[in-house]
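A.B. asks: Sequence and predicted structure are below.
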Protein chains: 2
Amino acid sequence: MKPLPGFRDFLPNDYARRDYITSRWRDAARRFGFVEFDGPMLESAELYERKNSGGEILTQLYQFTDRGDRPVALRPEMTPTLARMVGMHHRTFTKPLRWFSIGNCFRYERQQRGRLREFLQFNCDLLGERSPAADAEIITLLIHLLKSFGFGPKDFVIRLSDRLVWQHFLEQNGISSDKMTELLAIIDKIEREPEEKTKEKLATCSSILSLKMIREFISNPEDSALAPLLSELSARGVREYIQPDLSIVRGLAYYTGIVFEAFALHGGLRAIAGGGRYDNLIYHLSDGAASLPAVGFGMGDAVLLEFLKSVPLTASQEEKYINAQRPCQIYLVIADETYRSETVALASQLREKGWRILFSLSPERVGKQFAAAQDAGATLAIVIGAEWPVMKVKQLSTREEIEMSCDALFQRLDSLFHA
Amino acid sequence: MKPLPGFRDFLPNDYARRDYITSRWRDAARRFGFVEFDGPMLESAELYERKNSGGEILTQLYQFTDRGDRPVALRPEMTPTLARMVGMHHRTFTKPLRWFSIGNCFRYERQQRGRLREFLQFNCDLLGERSPAADAEIITLLIHLLKSFGFGPKDFVIRLSDRLVWQHFLEQNGISSDKMTELLAIIDKIEREPEEKTKEKLATCSSILSLKMIREFISNPEDSALAPLLSELSARGVREYIQPDLSIVRGLAYYTGIVFEAFALHGGLRAIAGGGRYDNLIYHLSDGAASLPAVGFGMGDAVLLEFLKSVPLTASQEEKYINAQRPCQIYLVIADETYRSETVALASQLREKGWRILFSLSPERVGKQFAAAQDAGATLAIVIGAEWPVMKVKQLSTREEIEMSCDALFQRLDSLFHA
């Protein structure tokens, strides 16, 4: 009676945390003028075969044949759906497009800590603009987002690189363009693989290029290609978060310019988001229906949830948000069952005004009703009994109590809440 | 390059409509003290085989074997997941539970107008309370929800019945309990099937019971069993929406008490939501882990979207909500490119304050920038040029223009928006 391995139940408390994350995601994207879209959870499997971005995703695909004999797959990521939609409809939109999505994605990952098979993914993409200003908008959005969770410069950096810089370096060292992708994949893994293995792999690609040369290049980056972007980021007031770092390559073959990742400075030192420029992918994925330069990033909810726990300020901010969303604002305490139908009528009126109201559905001791009010996070308890139509209105935090009529209640309710 | 048949793309405009619907759903549920939960999109196929509620759902299941050889299925509805979660965790929660969910569900339906294979489903369930007060809470929630869309008594009714009333009638007519489900399924289809077919089916179940007797029972309902619920609904101020109607049986075998549906009075005369009491299902689905009486309803987004279009008041209310969510509040117009970096810095400051800001990422004629501002739904345009640090602030609806400094802007921005 458990969920499948790698899948999660969101009990109300877990859901509240997820809601906090998605509300921050939406809010940050919208401040940058991004609009939300969504697509189907299930797509034709062909859509993912077309992308073929390194192959790993294809081996993790939830793929099957539907009752109409179509090869279908649960989406492992949003970008192919985005490309499909933009391919169909881009002519009806003014460029650039600023689109974001928040959606479940599915990958059959090997089971290990923090690896999920169903996860929530936030994607922001700016399409139809080739300039570094677009890159800067996307990176600044990511930084504003992380700041909105309460993270600061001691908590994360944006490690920034550019695949064009690498291409230039590799060309200068006699690497032909067909070896480029393979070599970038080797460089991507330098930090994670044993030196011997890297050297071996290098040798199969090039007789000139050595690990030492690559290490030297990384430590002395000729970062002039990044200068226009860095200046855009300075104007946006976020330069302090940027760490140019050529060791960031990102394994995905489709990146054509800058690549970056938001890197956590504690709590496990991991990438919590990553992205880059992909000027050819939309053309490729849409089968030529649209040719739009693009830059974007993606962020999953699982790593972020872990990272949020590691910083006290963000945790208290999260708690504050969640408390403001508690199930009940006003609890109606029935002190005398004679007045149950009056209470129920009052509940309806208050709910129609938009208040979140609870009361006990069956006769219950007053003390127990107050306990339920606390439990549900109520701010006010209104006691209804023999004094009706006069009621006692009690602030649960201060225990202060005022008597008032129904009319007075409706007039004063807003101010009682902001007291 | 299209979505699979029965699946939908949500372009930003479609997404905005979906967001409107889900925001009303959430808001109504929360006013009744309900809390949101969610579960996996993919579950063990066994979970659905266990329910076996009439069999139709099983023939429509998206079922396959995953890479770990598990029989799995995309969820066709939320209730089995709810039962699984409640079965695992109910001891940690005070009863009654008021839980709601908004989630995608999947059914391989035959292709016809309005039938989708992936749809959004809103479910509200009140668990652990057997009294008619719980039934009344659920039905009142549904009515408040429909009212919050702008629907009134001319647009919908709640048709209400009780399977206990039917069971009593059938027992009195000598129907044994093993024939009960079959007979209720026949009665459920009376309005939709040819008379001859109904008569034939009836004859196989009972030699006593005739279609005429059933019709008479429906037209003279002995509705005393509904009296306590009707009185609860009157106290809640929603009696005018209720139409006791014994022809409502709802084909699902698991209902054990009241059943109801919200029925559209125009635009196709269809059920837009349905539910009832199911006191044994949680026990059955949770394999005995939890025994909780329950009442709830479900509502899909597809029929609702159609119904919303049919009522002008609801359409204008929807438009108002969507307009308030437009991608941009303030558009920064760069009249002199010399001040681009000042503009970009101002955008960052405004975004950090929470405003939704856009500006052109490349040099553009002022007229075209104003057109983009309109297009994105901006309320204000701020023109930045040679007068910097003084700016022109323009209300786009009235074309009114004021000059002000940066400091004044930040001080007056709120009031400019509520002018």
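C.D. replies: Thanks, I have it.
A.B. asks: partners of the nearest residue to A:K392 once chain neighbours are set aside in the sheet?
C.D. replies: Among residues not flanking A:K392 along the chain, A:V383 sits closest, at 4.1 Å (C-beta to C-beta, 6 or more residues apart in numbering or on different chains). Where C-beta positions appear, they are placed from N, C-alpha and C, glycine not excepted. Residues in a beta bridge with A:V383, per DSSP bridges, are A:V333, A:K392.
A.B. asks: now the helices for the stretch 51-200 of chain A?
C.D. replies: A:56-59, A:79-89, A:132-148, A:163-172, A:177-188, A:195-205 (DSSP state H, counting those that start in this stretch).
A.B. asks: tell me the pLDDT at the spatially most central residue of chain A?
C.D. replies: The geometric centre of chain A, computed from its C-alpha atoms, lies nearest to A:F122 (C-alpha atoms, centre = their mean), at 3.7 Å. What the model reports as pLDDT for A:F122 is 98.
A.B. asks: Count the neighbours of A:F297 for me.
C.D. replies: 23 (other C-beta atoms under 10 Å in any protein chain shown).
A.B. asks: what packs against the strand or helix carrying it?
C.D. replies: According to DSSP states H and E, A:F297 maps onto strand A:294-300. For strand A:294-300, the elements it packs on are strand A:118-127, helix A:132-148, strand A:258-264, strand A:271-277, judged by 3 or more C-beta pairs under 8 Å, 6 or more residues apart in numbering or on different chains; DSSP states H and E.
A.B. asks: rewinding a little: so the residue nearest to the centre of chain A is in contact with A:M299, correct?
C.D. replies: Yes. Contact criterion C-beta atoms under 8 Å: A:F122 and A:M299 qualify, at 4.7 Å.
A.B. asks: Could you name every residue contacting both of the two?
C.D. replies: Common contacts of A:F122 and A:M299 (C-beta atoms under 8 Å, 6 or more residues apart in numbering or on different chains): A:W25.
A.B. asks: Show me which residues of the stretch 151-300 of chain A are close to chain B?
C.D. replies: Within the stretch 151-300 of chain A, the positions adjacent to chain B are A:232, A:235-238, A:286-287, A:289 by C-beta under 8 Å from any C-beta of the partner chain.
A.B. asks: Dump those residues into TSV; add secondary structure as well.
C.D. replies: Listed next are those as TSV, based on DSSP: H, G, I helix; E, B strand; the rest coil:
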residue	secondary structure
A:E232	helix
A:A235	helix
A:R236	coil
A:G237	coil
A:V238	coil
A:S286	coil
A:D287	coil
A:A289	coil
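A.B. asks: Tell me which two in the residues you listed are the farthest apart.
C.D. replies: Pairwise distances across these (C-beta to C-beta) peak at 40.7 Å, for the pair A:G237 and A:D287.
A.B. asks: Pull the number of nearby residues for the residue in the stretch 151-300 of chain A that chain B sits nearest to.
C.D. replies: In the stretch 151-300 of chain A, no residue comes nearer to chain B than A:A235, which is 4.1 Å away by C-beta to the nearest C-beta. Close neighbours of A:A235, defined as other C-beta under 10 Å, add up to 21.
A.B. asks: roughly how far apart are it and A:A133?
C.D. replies: Applying C-beta to C-beta, to the nearest Å, the value for A:A235 to A:A133 is 9 Å.
A.B. asks: before we move on, what about A:N280?
C.D. replies: From A:N280 to A:A133 the distance is 20 Å (C-beta to C-beta).
A.B. asks: follow-up on the earlier one: which among the helices and strands packed on strand A:294-300 is found nearest to A:I330?
C.D. replies: helix A:132-148 (30.0 Å).
A.B. asks: For the closest one, name the packing helices and strands.
C.D. replies: helix A:12-31, strand A:118-127, strand A:156-162, helix A:227-235, strand A:258-264, strand A:271-277, strand A:294-300, helix B:340-352.
A.B. asks: For A:S341, find the nearest of these.
C.D. replies: When the helices and strands packed on helix A:132-148 are compared (using C-beta to C-beta), the closest one is helix A:12-31, at 29.8 Å.
A.B. asks: Weed out the non-buried ones from the residues of the stretch 151-300 of chain A next to chain B.
C.D. replies: A:232, A:235-238, A:286, A:289 (16 or more other C-beta atoms under 10 Å in any protein chain shown).
A.B. asks: Out of those residues, which comes closest to B:P40?
C.D. replies: A:S286 (30.8 Å).
A.B. asks: list the contacts for the closest one?
C.D. replies: Neighbours of A:S286 in contact, by C-beta under 8 Å, 6+ apart: A:83-84, A:86-88, B:1.
A.B. asks: What separation do you get for A:D14 and B:H89?
C.D. replies: For A:D14 relative to B:H89 (C-beta to C-beta), the value is 11 Å.
A.B. asks: Can you read off the pLDDT for A:G354?
C.D. replies: pLDDT, read off for A:G354, is 94.
A.B. asks: give the contact list for A:L269.
C.D. replies: Taking C-beta under 8 Å, 6+ apart, one finds A:F263 in contact with A:L269.
A.B. asks: okay, the angle between the strand holding A:F297 and helix A:132-148?
C.D. replies: 20 degrees (axes from the mean of the first three to the mean of the last three C-alpha atoms, to 10 degrees).
A.B. asks: Following strand A:294-300 in sequence, what is the next regular element?
C.D. replies: Next element after strand A:294-300 (DSSP H and E): helix A:301-309.
A.B. asks: So which elements touch the helix or strand following that next one?
C.D. replies: Per DSSP H and E, the first helix or strand lying C-terminal to helix A:301-309 is helix A:312-324. In terms of contacts (3+ C-beta pairs under 8 Å, 6+ apart), helix A:312-324 is packed against helix A:12-31, helix A:301-309.
A.B. asks: Please state the mean pLDDT value computed over helix A:312-324.
C.D. replies: Mean predicted lDDT for helix A:312-324 stands at 88.
A.B. asks: In that helix, which residues are buried?
C.D. replies: With burial defined by 16+ other C-beta under 10 Å, the residues of helix A:312-324 counted as buried are A:314, A:317-318.
A.B. asks: got it, and stretch A:173-181?
C.D. replies: Neighbour counts using 16+ other C-beta under 10 Å place A:175, A:179-180 of stretch A:173-181 among the buried residues.
A.B. asks: again with stretch A:254-270
C.D. replies: Neighbour counts over stretch A:254-270 (16+ other C-beta under 10 Å) mark A:254-264 as buried.
A.B. asks: ok, those residues vs B:L97, which is closest?
C.D. replies: Closest to B:L97, out of all of the buried residues of stretch A:254-270 and judged by C-beta to C-beta, is A:A264, at 36.5 Å.
A.B. asks: Can you name the residues bridging to the closest one?
C.D. replies: A:F156.
A.B. asks: Am I right that it is in contact with A:L304?
C.D. replies: No. Between A:A264 and A:L304 there is no contact under C-beta under 8 Å: 9.5 Å.
A.B. asks: returning to what we had before: show me what contacts the residue of the stretch 151-300 of chain A closest to chain B?
C.D. replies: A:A235 neighbours (C-beta under 8 Å, 6+ apart): A:136, B:340-341, B:344-345.
A.B. asks: next one: A:P293
C.D. replies: Applying C-beta under 8 Å, 6+ apart to A:P293 gives the contacts A:127-130, A:134, A:277, A:279.
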